[in-house]
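Q: Model the following, please.
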Amino acid sequence: MSEQTLWQDIKQHPLAMAISVALHLILLLVLVVSLNRVDRPASSNKEVKKETVQAVVVDASVVDRELKKLKRAEQSKKNKELARQKKLKAEARKAREKRRREEKRLADLKRKQKQQEKAAIARQKKLEQQRKKKQQELAKLKKQKDLLEKKRQAEQQRLAAIEEKRKAEEAAALRKKQAAEAAARQKREMAELQRRMAEEEKRQAEQNSRLNTLRAQYVKLIQQKVARNWLPPASMTKGWSCEVMVQQNILGEVTQVKMLRCTGSAAFKSTVERAVKKASPLPPAPDAKVFERRIQFIFDPKI
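A: Below is the predicted model:
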């Protein structure tokens, strides 16, 4: 027996191999004890024999006890192995049952799927037939509709021609009437426009005259205030005058004075400029329409 075969037997039957080894050890022990007894003197053969028998009996009981212990262990292992095999068989049976149920479920599902596909094909076929039938009915209806449309268009054209002729006659009569009314209305509107224009010209002339008067009064007030603030130079000569440009803000405050033309001396010109600045703020305008930020006036000492 090879070493590999021996190890395989030990792995497959470990308990049997253990019992065999134990028996060999016990036999070896008995043999050793027997040899020791033989070496003793012959005078005590009876005692040796008795002790040998007792030793063998004792050793046999030990062997029997060990054998029973090993058998119980082997039986326990067999029971466990049987229980394991039983459990594995039960699990295998459950697995087979589960697989059978799953196969049945899949078979039922496949059968239902085939039935549904068959029903879907039948429905599709029926729908296709209905669609073709409806298309034929629609084509027939379209043909009838086209025929009716042609008749309607012909009648519509005939009625449109009659209506167009009637409208043309009515339009001609209306245009003639409207032309007469427009001519009369234009004549009235022209007369009314001329009247309004005359009134507006008159009103504008009156307004301009009033504003010119107010503007002249406004300039006069400014000239008078400047004159009140003017001090003549020592070398004043009669007939001197200056044209003045005044820049003011909304409150009448003088912001700039510019002397445009003066007939007097430089001293006279300076006195006029000082008088204008001293007159700030200038008198308010009698009407907002005549107020101007830039005002020009002639300063003449005769004022």
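
Q: where's Ala107 relative to Lys98, distance?
A: 15 Å (CB to CB, to the nearest Å). All C-beta atoms are positioned from the backbone trio N, CA, C, and that covers glycine.

Q: From Lys225, how far out is Asn249?
A: Taking CB to CB, one finds Asn249 at 16 Å from Lys225.

Q: Number of residues surrounding Ser270?
A: Counted by other CB atoms under 10 Å, the residues lying close to Ser270 total 14.

Q: what does Lys140 give?
A: 10.

Q: Comparing Asn249 and Lys225, which shows the higher neighbour count?
A: Using other CB under 10 Å, the more surrounded residue of Asn249 and Lys225 is Lys225, with 18 against 11.

Q: Is that one within a helix or a strand, and which one?
A: Per DSSP states H and E, Lys225 falls inside helix 45-228.

Q: for that helix, the distance to its chain's centre please.
A: Here helix 45-228 is found 17 Å from its chain centre; the criterion is CA atoms, centre = their mean, to the nearest Å.

Q: Kindly report the same for stretch 231-241.
A: 87 Å.

Q: measure that stretch end to end?
A: 14 Å (CA to CA, to the nearest Å).

Q: in that stretch, what counts as buried?
A: For stretch 231-241, the neighbour count (16 or more other CB atoms under 10 Å) marks Pro233, Trp240, Ser241 as buried.

Q: I figured the second one hits Arg261, correct?
A: Going back to what we said before, that points to Trp240. No - with contacts counted by CB atoms under 8 Å, Trp240 stays clear of Arg261, the gap being 11.6 Å.

Q: what about Gln116, distance to Lys302?
A: 124 Å.

Q: What of Ala92?
A: 144 Å.

Q: Look up how far Lys71 lies from Ala83.
A: 18 Å.

Q: actually Asn249, sorry about that
A: Relative to Lys71, Asn249 is positioned 135 Å away (CB to CB).

Q: now Glu181
A: Counting by CB to CB, the gap from Glu181 to Lys71 is 143 Å.

Q: do the same with Glu155
A: Glu155 is 121 Å from Lys71, by CB to CB.

Q: SS state for Arg261?
A: strand (DSSP: H, G, I helix; E, B strand; the rest coil).

Q: cool, and the one 3 residues further on?
A: Under the three-state scheme (three-state DSSP), the conformation of Gly264 reads as coil.

Q: how about the closest residue to it other than its chain neighbours, phi and psi?
A: Leaving aside its sequence neighbours, Gly264 sits nearest to Trp240 (CB to CB, 6 or more residues apart in numbering; 3.2 Å). Reported as degrees, to the nearest 10, the phi and psi values for Trp240 are phi -80, psi 150.

Q: show me the contacts for Trp240.
A: Contact analysis of Trp240 by CB atoms under 8 Å, 6 or more residues apart in numbering lists Cys262, Thr263, Gly264, Ser265, Phe268, Pro301.

Q: Over to Lys114?
A: Contacts of Lys114 (CB under 8 Å, 6+ apart): none.

Q: same thing with the one 3 residues further on?
A: With contact set as CB under 8 Å, 6+ apart, Glu117 has no partners.

Q: Arg123 versus that one, what's the distance?
A: 11 Å.

Q: Spell out the secondary structure type for Val246.
A: Here Val246 is strand, with the state taken from three-state DSSP.

Q: Alright, that wraps it up for me.
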